[in-house]
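**Student:** Need a 3D model of the following:
(chains A and B)
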Amino acid sequence: NAGVTQTPKFQVLKTGQSMTLQCAQDMNHNSMYWYRQDPGMGLRLIYYSASEGTTDKGEVPNGYNVSRLNKREFSLRLESAAPSQTSVYFCASGDRRDPMHYGYTFGSGTRLTVV
Amino acid sequence: EDKVVQSPLSLVVHEGDTVTLNCSYEVTNFRSLLWYKQEKKAPTFLFMLTSSGIEKKSGRLSSILDKKELSSILNITATQTGDSAIYLCAVERRNQFYFGTGTSLTVIP
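**Tutor:** Next up, the predicted model:
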């Protein structure tokens, strides 16, 4: 089925550890995004990639890096995890040329806990 | 500073009630406003609004954009327990969507 696939679904890290969240979409969308969702804060954009080969910072980029590996894949890396990065992370993709998915299609989320 | 504000933050109603959720925004270079429903996992798309005054409807849900007042409402009539969720409003600016904090709706039998 078409959609956005995120892995892993759950992860517990110790402070200072690193990890990469993976995201892949099979809808041929140009744009991909990483959001974090915290209670009372809504969804906040971490990084986005408007097209293959480009990435840009969103509202809360500190402590994260991203890679747009190809058109399908957009990964998010935490180099040295901190408890403040405990959150639910969502990957999304979208394309203005696709009226069915003009807004976003979201992945199912990654619940990350940093202890 | 761009911002999207939703109200109320939470709402508890009985089945059969009608609810109105609000979204106001201050975003430069506004392009569109979207409503999402979020249950346990990822948000799912409900409506996209670009023109003022045009109502979008899907069953018991409807939404209108007021570009003069920089706001939108989402109406749900004859609520059901399955409508219990967080409803998110997002405003598009350039390549990005700015999300509000959401309204948590609980429908009790």
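
**Student:** use CA for all of it now, contacts and neighbours both
**Tutor:** Noted.

**Student:** how close does residue B:106 get to chain A?
**Tutor:** Here residue B:106 is placed at a distance of 17 Å from chain A (C-alpha to the nearest C-alpha, to the nearest Å).

**Student:** and that residue, what are its bridge partners?
**Tutor:** residue B:12 (DSSP bridges).

**Student:** neighbours of it, just the number please.
**Tutor:** Counted with other C-alpha atoms under 10 Å in any protein chain shown, residues neighbouring residue B:106 total 20.

**Student:** Leaving out chain neighbours, which residue sits closest to residue B:10?
**Tutor:** Once flanking residues are discounted, residue B:10 sits nearest to residue B:104: 4.4 Å by C-alpha to C-alpha, 6 or more residues apart in numbering or on different chains.

**Student:** Doesn't that neighbour belong to a strand?
**Tutor:** Yes: Residue B:104: assigned to a strand according to DSSP: H, G, I helix; E, B strand; the rest coil.

**Student:** That one contacts residue B:9, correct?
**Tutor:** Yes: counting by C-alpha atoms under 8 Å, residue B:9 is a contact partner of residue B:104 at 6.2 Å.

**Student:** Looking at these two, which is more packed in?
**Tutor:** Using other C-alpha under 10 Å, the more surrounded residue of residue B:104 and residue B:9 is residue B:104, with 20 against 16.

**Student:** Need the pLDDT of the more buried one.
**Tutor:** We have a pLDDT of 95 for residue B:104.

**Student:** Show me the contact partners of the helix-or-strand element of chain B with minimal mean pLDDT.
**Tutor:** Within chain B, judged by mean pLDDT, DSSP states H and E, the helix or strand with the poorest mean is strand B:96-99; its value is a mean of 85. The contact list for strand B:96-99, computed with C-alpha atoms under 8 Å, 6 or more residues apart in numbering or on different chains, reads A:42, A:43, A:44, A:45, B:2, B:3, B:4, B:88, B:89, B:90, B:91, B:92.

**Student:** Stretch A:81-98 too?
**Tutor:** Contact with stretch A:81-98 is made by A:4, A:6, A:13-18, A:23, A:25, A:29-38, A:63, A:101-115, B:42, as judged by C-alpha under 8 Å, 6+ apart.

**Student:** Next one: residue B:7 from residue A:20, what distance?
**Tutor:** 35 Å (C-alpha to C-alpha, to the nearest Å).

**Student:** wait, I meant residue B:4
**Tutor:** Distance of residue B:4 to residue A:20, given as C-alpha to C-alpha: 30 Å.

**Student:** Neighbour count for those two, which is higher?
**Tutor:** residue B:4 (20 against 15).

**Student:** Which strand or helix spans the more buried one?
**Tutor:** Element membership for residue B:4 (DSSP states H and E) is strand B:3-7.

**Student:** So the residue nearest to residue A:61 when sequence neighbours are not counted, which state does it fall into?
**Tutor:** Closest residue to residue A:61 apart from its sequence neighbours, by C-alpha to C-alpha, 6+ apart: residue A:46 at 4.8 Å. With three-state DSSP as the basis, residue A:46 sits in strand.

**Student:** Now do whatever residue of chain B ends up closest to chain A: how many residues are near it, please.
**Tutor:** Going by C-alpha to the nearest C-alpha, chain A is nearest to residue B:101 of chain B, at 3.8 Å. Using other C-alpha under 10 Å, residue B:101 has 24 other residues around it.
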